[in-house]
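**Student:** build me a model from this:
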Amino acid sequence: MKTFLVGGAVRDALLGLAPGDRDFVVVGGTPEAMVAAGYTPVGRDFPVFLHPQTHEEYALARCERKAGRGYRGFSVVATPDITLEEDLARRDFTVNAMAQDADGSLIDPHGGAADLAARVLRHVSPAFAEDPVRILRAARFMARWARLGFSVAAETLELMRAMVADGEVDHLVPERVFQELSRALAEPSPSAFLRTLRACGALARVLPEVDALYGVPQHAAHHPEVDAGVHTEMACDAAARLAPGDALVAFCVLTHDLGKALTPARELPAHRAHEHSGLAPLEDLCERLRVPTEHAALARSVCREHLNVHRFHELKPAKVHDLIVRCDGFRRPERMDRIALACEADKRGRREREREPYPPRDALLAAHAAALAVKPRDLDLAGLGGEQIAEKIRRARVSAIAAARAVG
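**Tutor:** Below is the predicted model:
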């Protein structure tokens, strides 16, 4: 058996990036030999093992053959005669199809190092078209590397368009779509994810509610970028700057303006009540992609309340209290910081407004903290019934909010 370091560890070292997880390919091995050597089998769909000391992943060299539609439609062959070159040839992009020998020698049969230097994301072979997840991965890598100057090779983008036209992308499993979306939203440039999917036509298939925002005009006085889709891109990038790696905040930002796609043409470029009309497409998106409960709940709050947060200083203390209640901010206090971040990202996701101050965030959090500081045990509730107790607590919290705003 012979072992090679492969994939992202090799790629990132050449890019000069901090190393992440290391993955290895074993050529000439069998499951029995790996277990006999002390490795622990963990692979469900193909032979993968954990090293007995480092717990890093070691996969037997394998090749795949298309056996159906979608990303699960493959049969895997992992026999001792599969070569390293055959294993690398099944990978998605040339930059991921490199290996390193134990002596540090680079094995690069598909020109991955040259593509890294040229900042190009290029598919390894026509077999790329057999797995629709690779479209999402291309977009996600662009979200990670757009800031480094990467672009998708023209021939790869054409292949992705053909895959969309062929209907291959329609066989993606919802959970996998959301997984790749979440990973992309945690990258530095989520806008590149959206642009890449839109360039090949996949955005309309996997996120039609977001795709529908492109071309929808907004008031230039409030949105110098005008286009609602462009605003969404900019707001997602603002979220990446304000809350790096927080895919939940970014998801709320991605979906906060979905109602603008439903504005009647006669009302444009105004978008009256879009914070309410956006709830229905948000529910459709969350149901279709089987979005986790907390993501869906927080996104609803941001969609419904972002205009209220923007005009926070116009709200009376009682309205502020009710806003916090609607966001479940007393039972789930951690939500308010994320809601405030998402609203700030919305405000900063506008051309020439990226660095403007956003006082509502601090004001909302200060009011929330003041209201949270009111403890029922500190109030005189003797002799009161349930509704009376709730009302007295509410009045105390409203007073605390009013006092905090007076100080602010």
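**Student:** for Tyr39, the count of nearby residues, please.
**Tutor:** Neighbours of Tyr39 under the rule other C-beta atoms under 10 Å: 20. In short, each C-beta sits where N, CA and C put it, glycine included.
**Student:** per-residue confidence at it?
**Tutor:** Note for Tyr39: predicted pLDDT of 91.
**Student:** correct me, but it touches His51?
**Tutor:** Yes - taking contacts as C-beta atoms under 8 Å, Tyr39 lies within contact range of His51: 6.4 Å.
**Student:** hey, what's in contact with both of these two?
**Tutor:** Shared contacts of Tyr39 and His51 (C-beta atoms under 8 Å, 6 or more residues apart in numbering): Tyr58.
**Student:** ok, Thr79 - how many residues close by?
**Tutor:** When neighbours are defined as other C-beta under 10 Å, Thr79 has 12 of them.
**Student:** confirm it sits in a strand?
**Tutor:** No - in this structure, Thr79 is coil, not part of a strand, as judged by DSSP: H, G, I helix; E, B strand; the rest coil.
**Student:** low-confidence bits of this structure, can you list those?
**Tutor:** Within the chain, the set of residues satisfying pLDDT under 70 comprises 45, 65-76, 408.
**Student:** quick one: the strands in it?
**Tutor:** Along the chain, counting by DSSP state E, strands occupy 2-6, 23-27, 40-41, 48-50, 57-60, 63-66, 74-77, 99-100, 106-107, 120-121, 151-152.
**Student:** mind listing what the residue lying closest to Leu194 once chain neighbours are set aside touches?
**Tutor:** Distance criterion C-beta to C-beta, 6 or more residues apart in numbering; nearest residue to Leu194, sequence neighbours excluded, is Glu233 at 5.5 Å. The neighbourhood of Glu233, defined by C-beta under 8 Å, 6+ apart, consists of Pro190, Ser191, Leu194, Arg195, Gly349.
**Student:** show me where the stretch 251-400 of the chain has helices.
**Tutor:** Using DSSP state H, counting those that start in this stretch, the helices of the stretch 251-400 of the chain run over 274-277, 279-289, 293-310, 317-326, 334-348, 359-372, 386-407.
**Student:** follow-up on the earlier one: could the strands of the chain be laid out in JSON lines, adding mean neighbour count?
**Tutor:** JSON lines is the format used below for the strands of the chain (neighbours: other C-beta atoms under 10 Å):
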{"stretch": "strand 2-6", "mean neighbour count": "19"}
{"stretch": "strand 23-27", "mean neighbour count": "20"}
{"stretch": "strand 40-41", "mean neighbour count": "12"}
{"stretch": "strand 48-50", "mean neighbour count": "20"}
{"stretch": "strand 57-60", "mean neighbour count": "22"}
{"stretch": "strand 63-66", "mean neighbour count": "15"}
{"stretch": "strand 74-77", "mean neighbour count": "14"}
{"stretch": "strand 99-100", "mean neighbour count": "22"}
{"stretch": "strand 106-107", "mean neighbour count": "15"}
{"stretch": "strand 120-121", "mean neighbour count": "22"}
{"stretch": "strand 151-152", "mean neighbour count": "20"}
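**Student:** out of the ones you listed, which is closest to Arg290?
**Tutor:** strand 74-77 (22.7 Å; C-beta to C-beta).
**Student:** Ala371: how many residues sit nearby?
**Tutor:** What Ala371 shows, counting by other C-beta under 10 Å, is a neighbour count of 26.
**Student:** residue contacts, it?
**Tutor:** Taking C-beta under 8 Å, 6+ apart, we find Ala371 in contact with His321, Ile324, Phe330, Arg397, Val398, Ala400, Ile401.
**Student:** next up, the contacts around the nearest residue to it once chain neighbours are set aside.
**Tutor:** Closest residue to Ala371 apart from its sequence neighbours, by C-beta to C-beta, 6+ apart: Arg397 at 4.2 Å. Counting by C-beta under 8 Å, 6+ apart, Arg397 touches His321, Ala371, Val374.
**Student:** now stretch 174-185: buried residues?
**Tutor:** Across stretch 174-185, burial judged by 16 or more other C-beta atoms under 10 Å covers Arg176, Val177, Phe178, Glu180, Leu181, Ser182, Arg183, Ala184, Leu185.
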